[in-house]
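1. sequence? don't have it. structure:
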């Protein structure tokens with residue numbers, strides 16, 4: 001079915017994003033594992049959305065303050081995840097090539113997270129709550 005195909009595609013894209021992140025850390029030329037701290041941003045990125053979904057009222061209003069605040073915090077988390085490897089490269093803690101690989105991994109992972117919420121967050125016959 002459609003849900004299984006979407007889940008397989010999202011799993012595959014998540015694996016590609018994590019591969020970019022690992023290549024930025026583990027290649028012998030780079031060899032520094034500081035960029036792995038980006039994983040923290042991956043885990044905390046959906047938290048504002050979950051809180052806003054629980055706390056916010058269930059009305060179908062075009063916007064709510066709680067949802068807008070969640071978007072604001074999520075944007076801050078995503079921008080921080082992209083800024084962190086750039087700062088590490090700027091202070092020469094990692095090489096710029098590793099920074100590029102981590103940024104590519106960030107783009108793929110955050111698009112995967114967005115795709116997950118677009119596919120499973122609608123609340124129709126299947127949703128993320130059943131997983």
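-> Yes, it's here. Please read these numbers as outputs of a predicted model, since none were measured by experiment.
2. need the next SSE after the lowest-mean-pLDDT helix or strand in the chain, C-terminal direction.
-> Least confident helix or strand of the chain, by mean pLDDT, DSSP states H and E, is helix 47-55 with a mean of 88. For helix 47-55, the following helix or strand on the C-terminal side (DSSP states H and E) is helix 65-90.
3. Quick check: next helix or strand after that next one?
-> helix 96-120.
4. next one: that following helix to chain centre, how far?
-> 6 Å (Cα atoms, centre = their mean, to the nearest Å).
5. Go through that helix and flag the buried ones.
-> For helix 96-120, burial by neighbour count (16 or more other Cβ atoms under 10 Å) applies to 98-99, 101-106, 108-110, 112-113, 116, 119-120. (Glycine included, C-beta is placed from N, CA and C.)
6. before we move on, what about stretch 74-93?
-> Quick answer for stretch 74-93 (16+ other Cβ under 10 Å): 74, 77-78, 81, 84-85, 88-89.
7. One more: stretch 8-18?
-> Result for stretch 8-18 [16+ other Cβ under 10 Å]: buried residues 10, 13-14, 17-18.
8. Distance check, the residue nearest the centre of the chain against residue 31.
-> Among the residues of the chain, the one closest to the centroid is residue 110, at 3.3 Å (Cα atoms, centre = their mean). Distance, residue 110 to residue 31, using Cβ to Cβ, to the nearest Å: 26 Å.
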